[in-house]
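Participant: Structure for this input, please:
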Amino acid sequence: MGATPHLVDWSVLPRVVRLGKHLPLNALSEHKLTCKCQTKYTLTEVVASLVAVEQPRTVILTEANPHDAADPDTSLEKAPLMDEEVMVFKEQPITSNMRKTIRHLITVGGSKARWRGLGASIVYHITHTLCMHLVSAMFGNPPSMVFPVSFSVSWILSAVFLSRIHATWTQVMISQPSALPWYRRIPGGRPVYKALILPSFVYAVAQLAIVIIPVSILAPSIDDYTSGNRIAAGREQEAVSRLITAIAAALFIGLAFVLPASVTLTRVEASLLPEDQETIVNFDRTLGGTAMDPANLTTRECVSMFFGAWKSFDRASRTRLVTYYFKMCLALASIVILGVLAVWTEIVLIGPEKLKAFVLAGTAQLELMKYN
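Facilitator: Alright, predicted model coming up:
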């Protein structure tokens, strides 16, 4: 005889299910998820692209210093050599303040401006995943030693192949509102695609490096953990040192490679914006004089654009970008902490009895699915 299955008192099922529907956890979780997704997309994509693009405008003010009319005996020889004062200063960037940037976004594009380019983003990531699967299928089922190579090749080829969609995504986020849907704004022409190949390739390689290198450093410790082997007492210190090294490597690669590659790609994409469209922040489309007519770009000019995109991003702008990413990480971490505290508060307010009934409802539903 087999073991007797655990019996559930099904008579309480309707009551506990109704109770579960009235618990505020569902609504709270959905609201928290929507808020987190909106904030994450706005800060990590829209505002970050504007920070990478904006260049403060240089303002020149002149003030005339007329000769003293009260003294008619003043000769030209005694007149001052400088007849006007010239003051040169840079305007404060809009993106120097996170709230100011978001308010500027809403002023330009309305309440939906926080989601600028979302359609292009969804299509890009879906097609990128599909392209990766298609390219990976060419390698068949590679052994574990070859998998990183096949994954890297498929990642890079997909990023380069879809570079025009990625450029459209960036241009929608940074430009003035347009009546055209995003898919009718995809830049065409071989020269434009040629200009995007190098920055897309470099950015894809940087993205791979920040994942593969730290993982390879942690590989021995990961193998011990997944195989169920307990780390020997003498190797615990080695595992900790590997973890610290991996974190330090990820931070270094992020600041030294990923961030410059991302800025370079964004600025090259912004420089290819059609002439009849303007950015919502100040931007030098010439990239310091290196960007030429997109319709007649040569290979040499494309390489010059690539290096000019980063060189034209001065030290003050780089400091502003790093500062923004630091603030962004703090903001996202604060949202996560507040969300966890809110859920915990709801659980405490519900009380142990109702929470127990809620768990019982879930268990009963699982049992019902199991025996059906």
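Participant: what sits against the residue nearest to the spatial centre of the chain?
Facilitator: The structure's the chain has its C-alpha centroid closest to Thr44; by Cα atoms, centre = their mean the separation is 3.5 Å. Going by Cβ atoms under 8 Å, 6 or more residues apart in numbering, Thr44 touches Met328, Leu332. Bear in mind the C-beta positions are built from the backbone N, C-alpha and C, glycine included.
Participant: How about the one 5 residues further on?
Facilitator: By Cβ under 8 Å, 6+ apart, Ser49 lies in contact with Thr170, Met173, Ile174, Thr266.
Participant: where exactly do the strands run in this protein?
Facilitator: Along the chain, counting by DSSP state E, strands occupy 58-64, 84-90.
Participant: Give me the nearest residue to Ala291, chain neighbours excluded.
Facilitator: Ser271 (4.5 Å; Cβ to Cβ, 6 or more residues apart in numbering).
Participant: how many other residues sit next to that neighbour?
Facilitator: For Ser271, the neighbour count with other Cβ atoms under 10 Å is 22.
Participant: Hmm, Met292 and it touching each other?
Facilitator: No - Ser271 lies out of contact with Met292 (Cβ atoms under 8 Å); the separation is 9.5 Å.
Participant: shared neighbours, these two?
Facilitator: Joint contacts of Ser271 and Met292 (Cβ under 8 Å, 6+ apart) are Met305.
Participant: where in the stretch 101-250 of the chain is pLDDT low?
Facilitator: Within the stretch 101-250 of the chain, the stretches with pLDDT under 70 are 142-145, 222-235.
Participant: And Leu265, how far from Ile210?
Facilitator: 15 Å (Cβ to Cβ, to the nearest Å).
Participant: and if you look at Tyr124?
Facilitator: 20 Å.
Participant: And for Gly117?
Facilitator: 23 Å.
Participant: who's more crowded, those two?
Facilitator: Gly117 (21 against 17).
Participant: Verify the contact between the more buried one and Leu50 for me.
Facilitator: No - look at Gly117 against Leu50 with Cβ under 8 Å: they stay out of range, at 11.6 Å.
Participant: shared neighbours of the two, anything?
Facilitator: Here Gly117 and Leu50 share the contacting residues Met173, scored by Cβ under 8 Å, 6+ apart.
Participant: Show me the helices in the stretch 1-150 of the chain, by range?
Facilitator: 13-22, 25-41, 48-53, 98-109, 118-138, 147-161 (DSSP state H, counting those that start in this stretch).
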